[in-house]
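Peer 1: After the sequence you'll find the predicted model.
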Amino acid sequence: LFRSNRLLLLAGAEDPEFLHLEPVDVETIVVDAVRRWTATRRCWLLGSTEEATVMADADRLEVALDALIENAVNHTREPDTIEVAIHRRGARAVISVRDTGSGIPAPDLDHIFDRFVRADPGRSRHTGGFGLGLSIVKAIVDAHGGEVHVASAVGVGTTFEILLPLSPVVADRPEGTWRQGTSG
């Protein structure tokens, strides 16, 4: 069932109705994701959480972030650290997931976002997924007009970054000066 849901998600990513965009506070998505995953025994860190509002589909963004965290969990052990953070870089919000796990060999980095690809040859469908998680991340981020980047070193760990355009209301203001609130 889980595999078929992921395949349907990938198949629908090109549909114009795939996203239901609205202003989304990225911090809410990140904090909720970290809360969901903290039962998994790792050293969890909530890094910087700069304010960032993006025009996004909150549910799809949650799926992408969960896929990155799941990937980090699958490539770390109990004493390893997983840090999730948000910062702003120019007119973009950057969500990062950094781990101190096994890392990804350099030759595999060019292919990790392809469907059905596993960087770790020791992993199989029986021990660790179908190779769809990172391709789902890329499809969701692409649909939002964003980018996904990865930096990794074997034995050191991996950092994934999702870069999304800030909501126009926020992008025009200097970093750190905008506060979301209610009028009245």
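Peer 2: Okay, I see it.
Peer 1: For the residue nearest the centre of the chain, give me its contacts.
Peer 2: In the chain, the centroid-proximal residue (CA atoms, centre = their mean) is L65; its distance is 3.3 Å. Neighbouring residues of L65 by CB atoms under 8 Å, 6 or more residues apart in numbering: I29, V30, A33, V84, I95, V97, I162. All C-beta spots, glycine's among them, are computed from the backbone N, C-alpha and C.
Peer 1: Let's see that with 6 Å instead.
Peer 2: Contacts here follow CB atoms under 6 Å, 6 or more residues apart in numbering; on that basis L65 touches A33.
Peer 1: Buried residues in the helix or strand hosting it, which are they?
Peer 2: Using DSSP states H and E, L65 falls within helix 58-74. Judged by neighbour count (16 or more other CB atoms under 10 Å), helix 58-74 contains these buried residues: 58, 60-74.
Peer 1: From A85, how far off is the residue nearest to the centre of the chain?
Peer 2: Distance from L65 to A85, counting by CB to CB, to the nearest Å: 12 Å.
Peer 1: partners of the helix or strand harbouring E161 in the sheet?
Peer 2: Counting by DSSP H and E, the element that carries E161 is strand 157-165. Here strand 157-165 is paired, per DSSP bridges, with strand 92-99 (antiparallel), strand 147-153 (antiparallel).
Peer 1: Show me which of those has the highest average neighbour count.
Peer 2: Of all those, strand 92-99 carries the top mean neighbour count, a mean of 23, counting by mean count of other CB atoms under 10 Å.
Peer 1: and the angle from it to helix 58-74?
Peer 2: Inter-element angle recorded for strand 92-99 and helix 58-74: 30 degrees (by axes from the mean of the first three to the mean of the last three CA atoms, to 10 degrees).
Peer 1: starting at the chain centroid, how far to strand 92-99?
Peer 2: Taking CA atoms, centre = their mean, to the nearest Å, one finds strand 92-99 lying 7 Å from the centre of the chain it belongs to.
Peer 1: what comes into contact with it?
Peer 2: The contact list for strand 92-99 (CB under 6 Å, 6+ apart) reads 26, 52, 54, 68-69, 72, 76, 82-87, 157-166.
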